[in-house]
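# Build me a model from this:
(3 chains)
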Amino acid sequence: MKHKTLSGIAGHIALIALSLLFLAPFAFMVSTSLKDEKQVFTETIQWIPSPIHWENYPAALLSFPFWTYLKNTLMICVGTVNGTLVSAALPAYGFARLRWRGRDAMFYLMIATIMLPAQVTQLPIFLIFRSLGWTGTFLPLIVPSFFGNAFSIFLLRQFFLTIPEELSDAARMDGCSEWGIFWRILLPLSKPALATVALFAFMGAWTDFQGPLIYVHDEAQYTLAIGLSSFLGRHGGQWNLLMAAATVVTIPLIVAFFFAQRTFIQGIAVTGMKG
Amino acid sequence: MRTNSRKTFLSREQRLGLWFISPWLIGFVLLTLYPILATLYLSFTDYRVLSPPRWVGWANYRELLLDTENFWPSLGNTVFFFLELPLALILGLALALLLNQKLRGMTIYRTLFYLPSIVPVVANAMLWLWLLNPEHGLVNTGLRAVYIPAPAWLASPLWAKPALIVMDLWAVGGSMVIYLAALQGVPTSLYEAADLDGANAFQKLVSVTLPAISPVIFFNLIMGVIGTFQYFTQTFVMTKGGPDKATLFYALYLYQNAFQYFRMGAACAMAWLLFLVTLAATFLVFKTSAGWVYYEGER
Amino acid sequence: MWSGGEEKAFQAVLDRYNETHPGVRFENLGSVNDEKTVRALVAGAPPDVFTVSDPSYLGALAANDAILPLDDLFGKSHLKTDDFTRASLSQARYNGKLYAMPYLVDCIGLLWNKKVFREAGLDPERPPQTIEELEEFCRKITRHGSDGRLTRIGLRPPDGVNLLALYGGGFFEPATGRMTANNPRNIEAATAFKALMDAQGGYEAVQGFAAGFANEQGGYNSFYVGQAGMAFTGQWNTYWIAKYKPDTEYGVAPLPYPAAHPERKGTLWLGGNFFCIPKESRHPKEAWDFLVWTQSLEAQRLLADSLHGVPNIRAALKLRSLREGEPWRVSFGKFMDLSDSSNATHFPPMPVAALYLSEINSAIEAVGYGRKTPEKSLSDTQERVQREMDRYR
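Numbers count the residues shown, from 1 in each chain, chains lettered A, B, ... in the order given. The predicted structure follows:
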């Protein structure tokens, strides 16, 4: 229910002012990306560059192996999303729709792992992969996603809980197995939740920095996140190109967000609310 | 108690349940339980990665606790960053309250405020490195235009952390969205009752709204505490711990030990200490939550 | 490897080797920096031979048995110690053994901007000789705008360790195995550092000002555009200035020495690039052959020209093609002359070098910001690194 706390006009003014404040960094980023190198460092800010250097964009993309990095990032993202979906749906069903002794204890254990700092497990996991010979490949980044991500399981479980029990009961009476119920009833009804999980997994993989930092060493395998940061060492001075590259890396997420806005926000809201 | 003493000791329901959660369970043992124990073990060794681990008992822990140069500052810096939590809370909540009205263009505003939180961390770091540039950055140029003294931000030991906090606050749209959803879930009946009692806007805020959404605030607080302990990418990309160790955060120092100084054993010790501290902090927040978190008909 | 452009140049060198040595093929796996190489080693996935641009890693690699000692191979080859500039080989020695082959050295000297000198009323042909003169020059060059902000500084803030090197305090006593970070000369140097920064308006102001410019690589380097009068920097600038801002008038000089210690005159700080062969290399023999080839005159010339480093082979230093031709080569030549000076110095290879260097630079920073006195700052560093070093026994 919407609740009026301010009169309309004052609200609008506040919102507009704040929006400008929030947008300013973006605008600055794009503005810098279109500037000539010499015009980047000026005493007073020039919002609209003159001349506008559209060619900064192709130049930036050419100055580092953008397409390679993009390809790498996409490969990791697709792999991770698949793994997450598969390994989140099954456990979520087990926690939500089945009754068995020890279920709740396991569930709370799982929730507790969300609170675990990554560093505690990071190093031995690194050593495990090292002894398997998987360092220098994408495997350490993709394979773990097939083993269940607590956050995704949690999200799906909450969602599954909202589906009426009667559907499952009816199916059971018809002789359907649990797997059948899962596959043919629950999943098709859960498309929005699954989409949300996929979206979050994608975002996580797209922006992951520390993972590739530790596991990927060959430049040909860099992801966009790492590639962007090595930009700063590489082209120390060319902030305009750097901003162009950063804009390009940001845009896919913004686009994804626009298309999946409602799913996105609902997903966050669901988990936030039930916390 | 066995359900069926003739068969195996796991009931049919249990087996089914375990089967379904097996991906997570296996992952838990392999990727969570084992590593936690391994980290514990390694923290008692001198492990230089390129050569086998050597047992040294408490030496790593002792060294860390004696280390006034790096360890304690890194802990202090991280704790300082807790300041960001109440700020983010107030800002996020304020924005949510603002947006929770029947004004036109609400979806647009909501999107606008949310956008910064989906910018990839690295791109964000680059951007803010530039925005906070003491000479040419947008922030200082803006400050100078209104005659406010412009600090050296990331070049100043005093202002570096506040700079990072400002950067983080820009991404407050993430929690704003959660608060917004929570606000929209508050039953109108409560507000109507308050109106009947003659409450003004402020009183309604304090006595109805805040308690009603307190579980959500609580959740964000916990996640915030945990997240702060793991703050890494920004400092790695932007400042590498400087200036003068002002931004040497716990996670960064841990990384340096493991991957730059060849001190894996010490890094593992740091990781375990972090684990314990996180547990303690989370426990603390949970315990105090009874005083102010209000659950409406929880199971 | 420092950047993309240099990688291509290195590839050209590799190509040349591959051409002239059929039967062996070297592929550049594209390393970008040492940290990454170290991570690859830590990850157990080393290449057959790798380069190191920051020699401070050599000590740790050697102490942990990650790289092969090369003394035997060296003895059997036609290479002689005297062929090399003294400081280039000494950077690769740890515990008496040779662990790496240098392939170019970086020399940090003093560059000064003649135009700025003129504007500040200083003789453009006379660089500061002593540290005291350096401070005085800084004072004259530093300018503030009407709002009190810096508009020009005298010296771009150097790495703290460079200043320590100038005073000759040393970092390590091999005989006792003690770290000597806080010896009296180092304390003097740290004090001088703070004085230098204060002469320009304080360390924080200077850092803030310098942050307004690009890193070294790029046309907007504060030194190039005359916003800084001097810089402690290396020979690669001769090439970059010619490329990005050719109208800069500058001079090359050895780093200023402290008036109280004239024997330090002619000091140059060295870094270097090295090849190492990892213990787990699958082709150590071929790798060694390649390393030997890089010491040949032809290879040295190729490397120096493409990567803009100073050759480490004495005979190569005399190569006319490197010193003559374009005007910037004359300046490059000056660096080459200085590189074999008896006072050319570098950080001692040791297992804790990475930590030590990082701590020293932090220690000097702390002094610069006024947070600690030189004595306390360096003593803290000494204790810390000593404790770490003790674990290597």
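# any idea how far chain A is from the residue nearest the centre of chain C?
Computing the C-alpha centroid of chain C and ranking residues by C-alpha atoms, centre = their mean puts C:Gly271 first, at 3.2 Å. For C:Gly271, the distance to chain A (C-beta to the nearest C-beta, to the nearest Å) stands at 16 Å. (Each C-beta comes from the backbone N, C-alpha and C, glycine too.)
# The helix or strand where that residue lies and chain B, are they touching?
C:Gly271 belongs to strand C:268-276 when assigned by DSSP states H and E. No: Strand C:268-276 does not reach chain B (C-beta under 8 Å from any C-beta of the partner chain); its nearest approach is 12.6 Å.
# buried residues in whatever helix or strand comes next after that strand?
Using DSSP H and E, the next helix or strand after strand C:268-276 towards the C-terminus is helix C:284-294. In terms of neighbour count (16 or more other C-beta atoms under 10 Å in any protein chain shown), helix C:284-294 has its buried residues at C:284, C:286-288, C:290-292, C:294.
# how's the chain carved up into domains?
Here I'm looking at chain A. Domain ranges of chain A: A:8-55, A:64-234, per automatic domain parsing.
# Oops, wrong one, chain C.
Split by automatic domain parsing, chain C gives C:4-105+C:270-341, C:108-264.
# chain center to the shortest one, what's the gap?
The one in question is domain C:108-264. With C-alpha atoms, centre = their mean, to the nearest Å as the basis, domain C:108-264 stands 14 Å off its chain's centre.
# Can you report how many residues lie near the residue in the stretch 251-393 of chain C positioned nearest to chain A?
Proximity of the stretch 251-393 of chain C to chain A (C-beta to the nearest C-beta) peaks at C:Glu280, 12.3 Å away. If you count neighbours by other C-beta atoms under 10 Å in any protein chain shown, C:Glu280 ends up with 15.
# Kindly report the same for A:Leu161.
13.
# I'd guessed it sits against A:Phe95; true?
No: applying C-beta atoms under 8 Å, one finds A:Leu161 not in contact with A:Phe95, separated by 9.0 Å.
# on that earlier part again, output the buried residues of helix C:284-294 in TSV; the columns should cover distance to C:Gln91 and pLDDT.
Putting the buried residues of helix C:284-294 into TSV (distance: C-beta to C-beta, whole Å; pLDDT from 0 to 100) gives the following:
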residue	distance to C:Gln91	pLDDT
C:Pro284	21	78
C:Glu286	24	75
C:Ala287	19	76
C:Trp288	19	81
C:Phe290	20	78
C:Leu291	15	80
C:Val292	18	82
C:Thr294	16	79
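# Can I get these in a markdown table including distance to chain B?
As requested, the buried residues of helix C:284-294 are exported to a markdown table (distance: C-beta to the nearest C-beta, whole Å):
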| residue | distance to chain B |
| --- | --- |
| C:Pro284 | 17 |
| C:Glu286 | 23 |
| C:Ala287 | 19 |
| C:Trp288 | 21 |
| C:Phe290 | 23 |
| C:Leu291 | 21 |
| C:Val292 | 26 |
| C:Thr294 | 25 |
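# which stretches of the chain have low pLDDT?
Looking at chain A here, since you left the chain open. For chain A, applying pLDDT under 70 flags the ranges A:1-8, A:37-46, A:217-218, A:230-238, A:260-275.
# meant chain B, my bad for not saying
B:1-9, B:50, B:102-104, B:290-299.
# thinking again about what came up before, dump the domains of chain C into a markdown table; add distance to B:Leu87 as well.
Formatted as a markdown table, the domains of chain C follow (distance: least, C-beta to C-beta, whole Å):
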| stretch | distance to B:Leu87 |
| --- | --- |
| domain C:4-105+C:270-341 | 34 |
| domain C:108-264 | 25 |
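# Of those, which shows the lowest average pLDDT?
Lowest mean pLDDT within those: domain C:4-105+C:270-341, a mean of 75.
# Show me how far that domain is from its chain's centre.
Using C-alpha atoms, centre = their mean, the offset of domain C:4-105+C:270-341 from its chain centre is 14 Å.
# so where do the strands sit in the stretch 1-150 of chain C?
C:50-52, C:93-94, C:97-98, C:101-113, C:143-144, C:150-155 (DSSP state E, counting those that start in this stretch).
# re earlier: list the contacts for the residue nearest to the centre of chain C?
C:53-55, C:105-106, C:108, C:234, C:346 (C-beta atoms under 8 Å, 6 or more residues apart in numbering or on different chains).
# Recalculate using a threshold of 10 Å.
C:53-56, C:91, C:104-108, C:234, C:309, C:346-347 (C-beta atoms under 10 Å, 6 or more residues apart in numbering or on different chains).
# And C:Ile364, by the same measure?
Counted by C-beta under 10 Å, 6+ apart, C:Ile364 has contacts B:244, C:157-164, C:186, C:189-190, C:193-194, C:197, C:203, C:374, C:377-378, C:381.
# 8 Å instead?
C:159-161, C:163-164, C:190, C:193, C:377.
# Check whether the helix or strand where A:Phe202 lies comes near chain B.
Here A:Phe202 sits within helix A:191-207, counting by DSSP H and E. Yes: counting by C-beta under 8 Å from any C-beta, chain B is contacted by helix A:191-207 at A:203, A:206-207.
# For the residue nearest to the centre of chain C, give the beta-bridge partners.
C:Asp106 (DSSP bridges).
# Please enumerate the helices of the stretch 1-150 of chain A.
A:8-33, A:37-40, A:56-63, A:66-96, A:103-114, A:118-132, A:139-142, A:150-161 (DSSP state H, counting those that start in this stretch).
# Out of those, which is closest to chain C?
So among the helices of the stretch 1-150 of chain A, helix A:118-132 is nearest, using C-beta to the nearest C-beta, at 4.7 Å.
# Briefly note if that closest one comes near chain C.
Yes: using C-beta under 8 Å from any C-beta, we find that helix A:118-132 touches chain C at A:126, A:130-131.
# can you count the residues close to A:Asp104?
Neighbour tally, A:Asp104, other C-beta under 10 Å: 11.
# sorry, back to before: quickly name whichever of the contacts of C:Gly271 is closest to chain A.
Top of the list for closeness to chain A, among these and by C-beta to the nearest C-beta, is C:Ser53 at 11.7 Å.
# Relative to C:Phe232, how far out is that closest one?
18 Å (C-beta to C-beta, to the nearest Å).
# before we move on, back to that, how far is the strand holding C:Gly271 from where the chain is centred?
7 Å.
# Direction-wise, compare it with helix C:284-294 and give the angle.
With axes from the mean of the first three to the mean of the last three C-alpha atoms, to 10 degrees applied, the angle from strand C:268-276 to helix C:284-294 works out at 140 degrees.
# Mind listing what's buried along strand C:268-276?
C:268-276.
# can you give me the helices in the stretch 151-300 of chain C?
Going by DSSP H, counting those that start in this stretch, the stretch 151-300 of chain C shows helices at C:160-167, C:184-198, C:203-211, C:236-244, C:284-294, C:297-307.
# Dump the ones you listed to CSV, plus distance to B:Tyr147.
Shown next, in CSV, are the helices of the stretch 151-300 of chain C (distance: least, C-beta to C-beta, whole Å):
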stretch, distance to B:Tyr147
helix C:160-167, 35
helix C:184-198, 27
helix C:203-211, 18
helix C:236-244, 36
helix C:284-294, 59
helix C:297-307, 49
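# Taking the stretch 51-200 of chain A, what residue is nearest to chain B?
A:Phe147 (2.5 Å).
# Out of the domains of chain A, which one sits most buried?
For the domains of chain A, the largest average neighbour count (mean count of other C-beta atoms under 10 Å in any protein chain shown) is found in domain A:64-234, namely a mean of 19.
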